[in-house]
Structures are given as structure tokens and as C-alpha cells.
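Asker: got a predicted model here, sequence first, then my questions.
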Amino acid sequence: MSFLTVYNICGIKGKQNLSYYKKSISKILDQKNIDQEVVISSCCSSREILDALLEAFPQVKINEIKDVVPVNVSFNHTCDIFDRGHEGFIYIDSGIVLSDENDLSTLVERKNLGSYAMVSALVDDDVGVAIEAEKFEMDRGLGLLEDENGKFVSIGSSLNLHLQIFSREVKDYYRKVLPDIFAGYCTESVFSFMCAALKSKWSVCDNVIAHHHPSVDGQSSGFHPHNWMVETGRETYDHPFQIKSYMSRFFNKEAYRLGLGFEECRKVLIHDPSQYDDNSYCINDKLKEYIRDNLYLNSDEFEYSSINSFIVKGNPKQVTVKKGINKWCYDYKISVIIPTRSRINLLDECLDSLLDNCYKEYRMFEVILLVDFDDHETYNHIVNNVKDKFKHGYSDAECCLSIISVERSEFMQRDYNNFASLAARGDLVFVLNDDAVVTTKDWDKKIYEFYVDNKTDDDIMLISVLDDSHNGSLDSFGNNRTRVSHGSCFPILTKTFVHNMYGVMPGHIKMWTADTSINALFNDVDRIFLLDSVFVKHNSYHSGTRDKDAINQHVSNVSSEMHTNDHIITSKNKSIMKRMLSKC
């Protein structure tokens, strides 16, 4: 999937214009010559609005955010959840209606011409982005420059943005797409510095002019967490925009020395022009580090995984691809999530086992791989040597393998498994390791048929398949129900459970023992279903099949910190589980 297109709507201020939304989304879906996945990012929109959009556009998924957050945070959150290794990320304001069926492909063409970090369109109704450069200069006192491909934003200048593409490089380096220290979408002043720090530019495509209806959902620049919480009655967050020390991140000697500025705030050019070359690139490589560490929230300031959100989607449409093979579009039955790092040979064996042994009549599973953003070797190997094996149609859109690039973390459950599970599209989420091999023929068909035959009314259940991890002997699994007491290393959980618990595993457990805890949790409410017809071989030193490697040692070191607290974590999650069952 080449581009993730995010249409951003917000119901916080009660200005929800359904007819305008439909018009805008229709124009997005009608775009030609672009490979895109279209997602709606919705913050506090009403259920009536979302149901109406799903009915009108069943092929579009929605990230339904129930908490009060600024639009830059909701956009980042949506990009994180649906990031499957896209080439770029397209931001479309709720007030935008595209004018031509080639608008987005034209922006993509401009991006590729100069390998720009950002490309923006113009709009027909906003002082900040007037069509004529002369009017822009007159209105804001700022200018556009030109290179061989067209106009670009000069260092320290700013545009009021409504439609733009961000490159893959932006997200990979800065970890999020939009700087989120601002409590609204008033971040444009720093975009020229962000691009220049990456040795790139912020291009303006003046042959794309979209219609813009200002403030369809209310002005995002007016975000004030406390006021919005009072108005809506919803939970919100304190935000660094409310902290007086916020501007100290810009107005200090180090920021100035590196070339950073923030002209929109003080109306003066505070950056040091000598830090930029004739191409408008920053000559100091430390600027990008400063921007990443100071203009983007760290986990101590704001934890994205704490956002209360759900992925919702419409009814799938059955389509035919390649020699009459049927597949369910946007509705894979099983989502297999696999975190991996520096284990290319083991990962290949794992992925080959899934493909070689799957049900061949139609594709009913997807694979979501999580790769650390600094593990370039694994990422490139998957893109160049693996991904094509998982295509079951003619385009990347018909590929059941996705890659999510993440910042390396010691919290395997919270930042890998749980994170990926929220992006899963299947009814079931299968938690697998890169050193596991599924040996059963038609494993996916057997799992899903077992789920359908045993599905509970509330859809809260854990399916436990056989594996050789814990006891090294298949016979022991069948005796005295030891698999229930310790659990399968590779649990399969329903998406209903995932959405209610915000993940597949207890997030407080960093690495090992989460499988034991999740099995204990389900055993406590008698919701473990044993499936003995599917077997997973674990190529692990636990089962004696290989020696401990560097990854095992790292995981072992991290996990040792948590062992003494397992019973506390399990007890906490048991109470959550019982409350959840009482609601379902």
C-alpha cells in the first residue's frame, strides 16, 4: 500500500456536517493513478455520523477516538495504527473537497520529482494559502521560493495547511508525523525546519487547488483541553501547550545555534540563516535530533497507547481476483502479529510456514510485522524479498502482509503486540513469534471454523493451540489440563476482547510471562478453548531446538525485572476482565 490517506473529522464542538463529509470522502475515493488506503480519523464524532459514513463507504475504516485530543495527536495516532510501511501519509482537513480526480496523484508526482519531505496543495478559501504567491507575501509578509520543480516554502516561512503529503522519511526519523507539543494544528511554523533538517524541502504544488470550507468542525487552533472537557463532558488530557516553559524549547541558545526558529509566534525571524546552504538545507546534522527530542512529545509527557480509541469498519464486499479465487476485501478472518528483530532466517521460516500450510482456496489471514525503526536490514529484506509472496492480487492493496516500523522498546506487550493488535483487521488475533513455525495444513481454516463453532455470545474467548514450548512433549499437554494452567505460548484472542482491553496482553509485563498471565486471566472466567488440531513448533532454546541468541538474552534480562510482580498484574487484569464481561 503506497499511501495512507487520512481524512480528519472532529465532533468536539458539535459541528458535524455529514453531507459535507460524504462529498469530501467521495472525491477522495474517486482519485485516479494513486495506490492509497483511505482512513477516517474521528475525534469525538457521534455514533450516528460514523454509522452513516460506514453505510455510505463500507470500504473505508475509521479510527474512532473517544477522548478529547488535538487534531495533530489524532492524526499521528491514526498514522501509527494503520502504518503498514506506506510510502507516505496524506493529511486531508475535514473542510477539503478535491477539485480534480488527479489531485492526489499530482501531489505524489511532485513529491517524487524532488524527493520532498512535504508537499502541500493550495486552496481557494484561506488567507494563509492564497493562490497567487504575491498575495501570500502581501497577506503574511512571508515568501515562497522556487527550485527546478516549482515553489517551496522558504526557511522560517509558514502556510496554513489543509492538504499535504508527508514522506516516509518524516515518520521514520521523527517517529510521529506531526509535531505534537502544540495543542492544535498550529505547527506549520516548524515544518520548514523539519524538512531542512532532513536535507529536504517543503514543496508547494500550485497546480493543485482544492476547495476549502473553513472551520467545518470548528477551528483546531482554538483547542483548550479544560474548556473542551467542560463543554463535552469527555475525558481530556493536560497538554504541553498549557505549560509556560513550552516556548523555552525554541527560544534558547542551543536551538538558535542549530538553526531552529518559530516565526509565527513572535512575528520576527529568529532563526540563524547562516545555518542553511544554498539549497535551503540545514548544514548542522544535530538540528533533526533537537526537533525530534523537543518538538515531539515523549512518553513521559504523553502516552499515545493511553488514547481511548476503536477501529470500526463497514461490511466487506466479496470480490474476485486472479483465476476466480475469492477473497474477502478488508475483512481478513485472522490477523497474525509477529514482532521481529535481527532474525531474518527464523522469520523467513515462520512466514513460509504460514503460506505453505494455509488454506489455498482463498486468503483468510493477514500478517502484521513489527520491525524496530533502526533495524534496516530486516525491514529492507521484508520489502524486497518477502512482501511479494503475500500478494494475492495485482497490487499492493491486495497483499496480506503489512509492516509497522516502531521505536525500539522494552515493553514487548504494550508497544509491539498490543499496538499491532489495534491495527488488526481480523475477527481473531493470533500472537506469534518470529521463531515459531505453524506445521498444520489448513491451519487458518481450522482455527476459524473452530472459532465459529464455539463462539460465545459476548465473543470473549481465548483459543489455545498446541505448541512444544513449555514441556517439550506433546503428551504432557493432554494430561491434567496443564496447557490451561500454563497456557499456550501463542494465544489466539477475539478482536472483541482486544478492543475492550486495548490490546492482547497485559501491557505492564515487559517481555516474558505475559502468555501465562493472559491464560490465567481467561482460565479464571472459564473462557479457554483448547484446539488440539493445530500445532506450532517453537524454535526456541526453551524447547531445546537452538541456542540462546542475543535477542533471547536481551528479552531475558528485561523480563527478570517483572517476575516478582506477575501475581499483582494478573489480579489487576482479572478485575478488569470481570467488569468487561459484566458489560458485554
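Answerer: Alright, I've got the coordinates.
Asker: tally of neighbours for E349?
Answerer: 16 (other CB atoms under 10 Å). The way it works is simple: take the backbone N, C-alpha and C, and place the C-beta from them, glycine included.
Asker: I figured it was touching T439, is that so?
Answerer: No. Contact criterion CB atoms under 8 Å: E349 and T439 do not qualify, at 11.1 Å.
Asker: so what are the domain limits for the chain?
Answerer: 3-294, 326-583 (automatic domain parsing).
Asker: any low-confidence regions in the stretch 51-200 of the chain?
Answerer: Along the stretch 51-200 of the chain, the parts satisfying pLDDT under 70 run over 126-143, 183-187.
Asker: pretty sure V534 is in a helix, no?
Answerer: No. According to DSSP: H, G, I helix; E, B strand; the rest coil, V534 belongs to no helix; its state is strand.
Asker: from what I see, it and V465 are in contact.
Answerer: Yes. With contacts counted by CB under 8 Å, V534 reaches V465, the gap being 4.3 Å.
Asker: anything in contact with each of the two?
Answerer: Here V534 and V465 have I447 as joint contacts, going by CB atoms under 8 Å, 6 or more residues apart in numbering.
Asker: quick one: the strands in the stretch 151-300 of the chain?
Answerer: 163-167, 202-212 (DSSP state E, counting those that start in this stretch).
Asker: for the longest one, what is the average pLDDT?
Answerer: Confidence for strand 202-212, expressed as mean pLDDT, is 90.
Asker: contacts for it, please.
Answerer: Outside strand 202-212, the residues that touch it by CB under 8 Å, 6+ apart are 93, 95-100, 103, 106-107, 110-111, 114, 116-126, 131, 133, 144, 149-153, 159, 162-163, 191-192, 195.
Asker: now which of these would you call buried?
Answerer: Buried members of the contacts of strand 202-212, scored by 16 or more other CB atoms under 10 Å, are 93, 95-98, 100, 103, 106-107, 110-111, 114, 116-123, 126, 133, 144, 149-153, 159, 162-163, 191-192, 195.
Asker: off-centre distance for stretch 403-412?
Answerer: Chain-centre distance of stretch 403-412: 12 Å, with CA atoms, centre = their mean, to the nearest Å.
Asker: quick check: end-to-end length of it?
Answerer: 16 Å (CA to CA, to the nearest Å).
Asker: wait, K387 sits on C399?
Answerer: Yes. Using CB under 8 Å, K387 is in contact with C399, at 6.3 Å.
Asker: got any residues that touch both of these two?
Answerer: By CB under 8 Å, 6+ apart, no residue touches both K387 and C399.
Asker: I'd say F193 and K288 touch.
Answerer: No. Contact criterion CB under 8 Å: F193 and K288 do not qualify, at 9.2 Å.
Asker: so what sits against both of the two?
Answerer: Between them, F193 and K288 share the contacting residues C282, judged by CB under 8 Å, 6+ apart.
Asker: of those two, who's got more company?
Answerer: F193 (29 against 19).
Asker: and that one, how far is that from I92?
Answerer: From F193 across to I92, the span is 24 Å (CB to CB, to the nearest Å).
Asker: which parts of stretch 460-473 are buried?
Answerer: 460-471.
Asker: run the chain-centre distance for that stretch.
Answerer: 29 Å.
Asker: great, nothing more from me.
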